[in-house]
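**Q** mind folding the following:
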Amino acid sequence: MDYTSAVEFLRDLKNNTYHFNIRQRMKMLLVVIGEHPDSMSLIQNMGIIDPDRIKVLCQKGANGYVLAQALMDSIEISTPNSDELSLKAFGYIKPITPAELDNYIDEVIERLENQKQYLKNETEVERINQEIALDELEQFL
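**A** Model (predicted):
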């Protein structure tokens with residue numbers, strides 16, 4: 001996953017640069033979440049599916065990508081002139097306002113930035129360990 005591009009896209013999505021309606025914005029957010037390696041915990045942290053239901057779905061073999069796809073299919077607009085969504089998934093109904101959607105986007109952005117930083121630090125530690133191993137090999141030669 002390209003974290004930099006995903007974060008930029010989500011920031012544009014939050015600012016509604018593309019002029020999407022709330023349903024389209026929610027679907028785009030779910031697409032990004034579905035691509036994340038830890039998408040299951042992102043969905044769980046958002047609270048859009050009952051946590052007990054998530055456990056049951058995991059036991060049946062569902063993963064974050066599958067849940068994100070199922071959520072995309074269950075998004076409904078509450079009323080034709082409303083800015084509020086109604087997410088009906090797995091027997092759980094969750095209304096989502098534009099402000100809540102912006103909060104979800106912020107949470108995912110923060111998670112992606114943390115993951116990117118973690119991978120950067122992990123790569124740096126790996127590089128240092130490789131240099132140490134090469135130095136040790138050179139000493140024996």
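**Q** need the residue closest to the centroid of the protein.
**A** Nearest to the geometric centre of the chain sits residue 33, at 2.9 Å (Cα atoms, centre = their mean).
**Q** elements contacting the helix or strand hosting that residue?
**A** Assigned by DSSP states H and E, residue 33 belongs to helix 22-35. With contacts defined as 3 or more Cβ pairs under 8 Å, 6 or more residues apart in numbering; DSSP states H and E, helix 22-35 has these neighbours: helix 3-15, helix 39-46, helix 64-73, strand 75-77, strand 85-89, helix 98-140. Placement of C-beta: from N, CA and C, glycine included.
**Q** and the last one, average pLDDT?
**A** Yep, that's helix 98-140 we're talking about. Averaged across helix 98-140, pLDDT comes to 86.
**Q** then the third one?
**A** Mean pLDDT, taken over the full extent of helix 64-73, equals 87.
**Q** for that helix, list the C-alpha coordinates in PDB.
**A** Taking Å, rounded to 0.1, in the frame of the first residue of the first chain, the C-alpha atoms of helix 64-73 are listed here in PDB:
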ATOM      1  CA  GLY A  64     -11.200  -6.600   6.400                       C
ATOM      2  CA  TYR A  65     -11.400  -6.400   2.700                       C
ATOM      3  CA  VAL A  66     -14.600  -8.500   2.600                       C
ATOM      4  CA  LEU A  67     -16.100  -6.400   5.400                       C
ATOM      5  CA  ALA A  68     -15.300  -3.200   3.500                       C
ATOM      6  CA  GLN A  69     -16.900  -4.600   0.400                       C
ATOM      7  CA  ALA A  70     -20.000  -5.600   2.300                       C
ATOM      8  CA  LEU A  71     -20.300  -2.200   3.900                       C
ATOM      9  CA  MET A  72     -20.100  -0.500   0.500                       C
ATOM     10  CA  ASP A  73     -23.100  -2.500  -0.600                       C
END
